[in-house]
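K.L.:
Structure, please.
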Amino acid sequence: MGMFIVSTLMILALIFPFFIASIIKKTDQNKIQKIVTREILHYGLEIKEKELWRNNFIGIDPAKKKLLYIKADNPKYILELIELTDLIECRIISQIKRNKNHNTYEETLERLGLELTRIHPNDPISFLGFYSSEETALESYEIPRAEKWNKLINKYIPLKTGYKKAS
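P.N.:
Below is the predicted model of the structure:
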């Protein structure tokens, strides 16, 4: 009987942390989902292409040509509502750290995101973070995700013609 109790407690001790982590993850997902829903309604957006991962959301309203990016950090969140027609460039920015390990080099992704440059030079450049090693050590398809959104956003950037190179 004593061995049964010890075995049961050992199994519970192994399962309990995973159960708690699952509940916390679900709570975080519900929190970001509520924020996203509230902001979409507030701005009157009809998001057709969207993605939600960790505490991040990105989506495009093709009719209004607007990009919505939300990064939820406790207790507040960062929101960027960007007019896609005001952009001249979207590009992937990655920061990779090289560490020497014996006779080989290991590359570690430190930071990854999209840099959005606007037409007007006085407007700020936006950085939409997709991954930071300071927030989480695990990468979860961030590079393909950044490539996908880079392509999607670039489809909406109008080709600027008529600009002449300064002499």
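
K.L.:
From here on, just use CA atoms for contacts and neighbour counts.
P.N.:
Will do.

K.L.:
if you go through the chain in chain order, where are the strands?
P.N.:
Counting by DSSP state E, one finds strands in the chain at the ranges 49-53, 56-61, 66-72, 77-83, 87-101, 104-118, 126-132.

K.L.:
need these in CSV with mean neighbour count and mean pLDDT, can you?
P.N.:
CSV is the format used below for the strands of the chain (neighbours: other C-alpha atoms under 10 Å; pLDDT from 0 to 100):
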stretch, mean neighbour count, mean pLDDT
strand 49-53, 14, 94
strand 56-61, 22, 96
strand 66-72, 22, 95
strand 77-83, 15, 94
strand 87-101, 15, 91
strand 104-118, 17, 91
strand 126-132, 20, 93
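
K.L.:
got CSV for those, with distance to residue 43 too?
P.N.:
Shown next, in CSV, are the strands of the chain (distance: least, C-alpha to C-alpha, whole Å):
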stretch, distance to residue 43
strand 49-53, 16
strand 56-61, 11
strand 66-72, 10
strand 77-83, 9
strand 87-101, 20
strand 104-118, 21
strand 126-132, 19
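
K.L.:
between those strands, which one is nearest to residue 158?
P.N.:
Evaluated over these, closeness to residue 158 peaks at strand 87-101, with 7.3 Å, by C-alpha to C-alpha.

K.L.:
and the angle from that closest one to strand 104-118?
P.N.:
Put simply, strand 87-101 runs at 170 degrees to strand 104-118, going by axes from the mean of the first three to the mean of the last three C-alpha atoms, to 10 degrees.
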